[in-house]
Each structure stands twice: as structure tokens, then as C-alpha cells.
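Peer 1: Turn this into a structure:
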Amino acid sequence: MHTPETHTSAPPALFPAFLRIASVCVVALLTWTVATSAGANQALGQSIEEQLAAKAEVFETAYNSGNIDDLMALFTPDASLAPGGEQTFTDPAQVRGILLDSIQSTDNLSLSIRETTTGDGTAKQTGRYVVDNGSEFGLSGGFTLSWVQTDSGDWLVSNLAWTQ
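Peer 2: Numbers count the residues shown, from 1 in each chain. Okay, the predicted model is just below:
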């Protein structure tokens, strides 16, 4: 009668090679994921000015829809507001409250960007705004949006200042 043999030897020689190939693939995939998320806008061929113009449109849409959460998502956690050029607010609750009051008291915001300046991971847009406040006379004035680029390549508002 024949008894079956039990093998307790090391795994086949191909197994370590497979692990090396698999680890190289995982590292390559992670590197590609980080690179594409960080430079997604550049990969689409958008200049910084185009990226910021698109962000300003998102800002307008969030403001005009009255969605404070979408609007706040465009700001850094430590963003500041300087309404009317009189006082700067840095407390997140104050920033949210001022923006909420603003979007609840107006019907339509339109931004007209006149100039965009960029630096190393920072940018500034200046221009004019017009809001419809429900009266015969709308509000208008100048604004400055200061942006910072995050580690993921996204742009967030670090300061918003406006005058009437």
C-alpha cells in the first residue's frame, strides 16, 4: 500500500518573484494616484488662471444657490473675511455667519474677474461684484479673493475682502 507524501518545503521559487512584482505594481499605482490627484487640473491642460476662474464660478453657484456648506467647502479652515475693508474676521463661526447672512440677504451674485496674479502655491483674483438685493439699486463693489493651493492640488480661499 502506498502512503501519500506530505511536503512541508518552502514555497516555489516563483512566489518571491511574484511578491516583488506585486509590490512594484502597488507602489506604481499609488504613485500614479497621488500624481494624478495632485495635478489633475494641470493634466487637463488648465492653466492656474483657468482653474481659478472655474473655482470662482463654483463660488458664484454656491453663493447663488444659498448653499452655505458648498460655499464653506471652498475656504481653508483658517480663512479670513474683510467685509467693507473695516475689520477682518478669522473665527470660523464668524466667517460662516457673515457669509450666511450675505447669501440670505441677496438674490444673485455676479463676479467679474479683472486680474489674476499667481505665486508659488498662492494666487489672487481681483475684480468687481454685483449683487441683486431685491431693490431697484443693486450692490456693487470691488473684491479680492486670495487662494492657496493644497497638497492635493486644489485651490481654496484663504481670504475674501470686498468693498462697496
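
Peer 1: Which parts of this protein are strands?
Peer 2: With DSSP state E applied, the chain shows strands at 75-83, 108-118, 122-132, 139-149, 155-162, listed in chain order.

Peer 1: which one of those strands lies closest to Gln51?
Peer 2: strand 155-162 (6.1 Å; CB to CB). Glycine gets a C-beta too; all of them are placed from N, C-alpha and C.

Peer 1: what's near enough to touch the residue nearest to Arg114 when sequence neighbours are not counted?
Peer 2: Nearest residue to Arg114, sequence neighbours excluded (CB to CB, 6 or more residues apart in numbering): Gly127, at 4.3 Å. Gly127 sits next to Leu111, Ser112, Ile113, Arg114, Glu115, Gly142, Phe143 when contact means CB atoms under 8 Å, 6 or more residues apart in numbering.

Peer 1: Might one say that the third one is in contact with Lys55?
Peer 2: No: the pair Ile113 and Lys55 does not pass the contact test of CB atoms under 8 Å, sitting 10.5 Å apart.

Peer 1: Among those two, which residue is more densely surrounded?
Peer 2: Taking neighbours as other CB atoms under 10 Å, Ile113 and Lys55 compare with Lys55 leading, 20 against 16.

Peer 1: could the strands of the chain be laid out in TSV, adding mean pLDDT?
Peer 2: What follows is those, written out as TSV (pLDDT from 0 to 100):
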stretch	mean pLDDT
strand 75-83	95
strand 108-118	91
strand 122-132	91
strand 139-149	92
strand 155-162	95
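
Peer 1: re the thing from before, which one of the contacts of Gly127 sits closest to Gln164?
Peer 2: Of the contacts of Gly127, the one sitting nearest to Gln164 (CB to CB) turns out to be Gly142, at 8.6 Å.

Peer 1: separation between that closest one and Leu100?
Peer 2: As defined by CB to CB, to the nearest Å, Gly142 lies at a distance of 22 Å from Leu100.

Peer 1: and if you look at Asp78?
Peer 2: If you measure Asp78 against Leu100 using CB to CB, the figure is 18 Å.
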